[in-house]
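Next input, structure requested:
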Amino acid sequence: MGKRIIITAGSTRERLDAVMVIDNMSTGALGCTMAETLLGDRGEEIDKIYYISPKMAYKPRVQSEKVELVTVETTQDLIEALEKIFATDKIDIIIHSSAVGDYKGKYVIRAEDLVDEIWQTIQNAQDKNALTKETLMGIFENPTVVCNNSTKISSYEPHLMAMLTLTPKVIGLIKKMAPDVTLIGFKLLEGVSKEELYEVASALRVKNQADYIVANDLSKIGKGKHWAMIIGQSGIVTECETKQEIAKALEQLLF
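Sure thing, here's the model as predicted:
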């Protein structure tokens with residue numbers, strides 16, 4: 001029986017209103033290269049690839065009935081797509097290359113409205129000495145007057161502010177959903193030493209029970225190059241210089 005694989009690729013996008021989003025620069029090219037490499041070299045050993053990505057990300061150019069495209073936008077969309085697949089299919093491998101955004105919008109507010117609420121709270125306090133940082137932080141957490149983020153916010157607000165909050169760490173949920181799946185995660189830093197990148201990626205692997213982490217340095221990506229090191233339980237398995245080399249190295253590890 002052939003392997004059943006999930007590949008996540010591209011960035012997640014989080015909406016601030018009906019048109020504004022928080023996004024990142026990931027194109028999904030690495031995940032796409034991974035899918036094309038596996039289909040080209042190991043097609044006979046694969047039963048299914050679920051390719052999860054946003055609409056605008058790169059898609060595998062290999063035409064195959066073994067590939068099912070799953071379109072997502074937000075981090076929550078991605079989580080729900082994974083939950084659905086894991087609940088209905090036995091997955092052998094997940095290559096989680098998606099660049100999941102770290103933050104999502106909690107609310108958008110006019111600075112004037114936020115200042116007014118803080119000022120009124122101070123003015124209305126019967127005992128000014130009883131005011132605490134926690135009181136004022138509570139206003140920041142849940143202000144009374146926020147912009148309606150289900151429609152387009154006015155383009156003419158000169159002091160528009162967005163409060164961000166953390167998104168769930170998807171890699172940390174995968175082994176909870178599918179304890180037996182082989183998990184390949186990815187970590188991207190920029191301009192750090194090889195030693196620091198290794199330490200951060202290794203800690204990520206252990207924390208999330210990943211089998212391998214592909215550790216990237218943004219300063220070494222571009223102009224056809226994509227340096228990375230693949231880290232496993234025993235340390236650095238190999239180093240790669242291009243997306244194609246990364247895909248080939250992972251292929252050798254997984255098959």
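
Helices of the stretch 51-200 of the chain, start to end?
75-88, 111-124, 133-141, 171-177, 194-207 (DSSP state H, counting those that start in this stretch).

Okay, domains of the chain per the record?
3-102+167-254, 105-165 (automatic domain parsing).

and among the ones you listed, the most buried is which?
Ranked by mean neighbour count under mean count of other C-beta atoms under 10 Å, those are led by domain 3-102+167-254, which reaches a mean of 18. C-beta: built from backbone N, CA, C; applies to glycine.

residue nearest the centroid of this protein?
Val100 (1.0 Å; C-alpha atoms, centre = their mean).

I'd assumed Thr75 was in contact with that one.
Yes. With contact defined as C-beta atoms under 8 Å, Val100 counts as touching Thr75 (5.6 Å).

Which neighbours do these two have in common?
Listed as contacting both Val100 and Thr75 by C-beta atoms under 8 Å, 6 or more residues apart in numbering are Thr12, Thr167, Val170.

so who does the last one touch?
For Val170, the contact set (C-beta under 8 Å, 6+ apart) comprises Thr8, Thr75, Leu78, Ile79, Leu82, His96, Ser98, Val100.

mind redoing it with 10 Å?
8, 12, 75-76, 78-79, 82, 96, 98, 100, 177, 185, 208 (C-beta atoms under 10 Å, 6 or more residues apart in numbering).

How about Asp47?
Asp47 sits next to Met1, Gly2, Lys3, Arg4, Ile5, Lys66, Asp89, Asp92 when contact means C-beta under 10 Å, 6+ apart.

for it, helix, strand, or coil?
The three-state label given to Asp47 by DSSP: H, G, I helix; E, B strand; the rest coil is strand.

pLDDT value on it, please?
Listed pLDDT for Asp47 reads 97.

Distance check, it against Leu39.
Note on Asp47: its distance to Leu39, by C-beta to C-beta, to the nearest Å, is 12 Å.

Over to Val108?
42 Å.

Return the longest strand in this structure, judged by number of residues.
When the chain is parsed with DSSP state E, its longest strand is strand 212-222.

List the strands paired with it, with their directions.
Strand 212-222 pairs in its sheet with strand 182-189 (parallel), strand 225-232 (antiparallel), by DSSP bridges.

can I get the ones you listed in TSV with distance to Ile153?
Output for the strands paired with strand 212-222, formatted as TSV (distance: least, C-beta to C-beta, whole Å):
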stretch	distance to Ile153
strand 182-189	31
strand 225-232	37
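
so which of those strands comes closest to Leu253?
Of all these, it is strand 225-232 that lies closest to Leu253, at 7.3 Å by C-beta to C-beta.

hmm, back to that, return the member of the domains of the chain having the minimum mean pLDDT.
Minimum mean pLDDT among those: domain 105-165, a mean of 91.

Give me the distance between the two termini of that one.
With C-alpha to C-alpha, to the nearest Å as the measure, domain 105-165 spans 6 Å from end to end.

Give me the distance between it and the centre of its chain.
29 Å (C-alpha atoms, centre = their mean, to the nearest Å).

can you check stretch 2-22 too?
Its chain's average C-alpha position is 7 Å from that of stretch 2-22, according to C-alpha atoms, centre = their mean.

then it to PDB, C-alphas only?
The C-alpha trace of stretch 2-22 is given here as PDB (Å, rounded to 0.1, in the frame of the first residue of the first chain):
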ATOM      1  CA  GLY A   2       1.300   3.400  -1.000                       C
ATOM      2  CA  LYS A   3       2.000   6.300   1.300                       C
ATOM      3  CA  ARG A   4      -0.600   9.000   2.000                       C
ATOM      4  CA  ILE A   5       0.900  12.400   2.500                       C
ATOM      5  CA  ILE A   6      -0.100  16.000   3.500                       C
ATOM      6  CA  ILE A   7       1.900  18.900   2.200                       C
ATOM      7  CA  THR A   8       1.100  22.400   3.600                       C
ATOM      8  CA  ALA A   9       2.500  25.300   1.600                       C
ATOM      9  CA  GLY A  10       2.300  29.100   1.300                       C
ATOM     10  CA  SER A  11       1.300  31.700   3.800                       C
ATOM     11  CA  THR A  12      -1.800  32.100   5.900                       C
ATOM     12  CA  ARG A  13      -3.600  35.400   5.800                       C
ATOM     13  CA  GLU A  14      -5.500  37.000   8.700                       C
ATOM     14  CA  ARG A  15      -8.200  39.600   8.000                       C
ATOM     15  CA  LEU A  16      -8.300  43.000   9.700                       C
ATOM     16  CA  ASP A  17     -11.500  44.000   7.900                       C
ATOM     17  CA  ALA A  18     -13.300  43.000   4.700                       C
ATOM     18  CA  VAL A  19     -10.200  43.900   2.600                       C
ATOM     19  CA  MET A  20      -7.100  44.400   4.800                       C
ATOM     20  CA  VAL A  21      -5.100  41.400   5.700                       C
ATOM     21  CA  ILE A  22      -1.900  40.400   7.600                       C
END
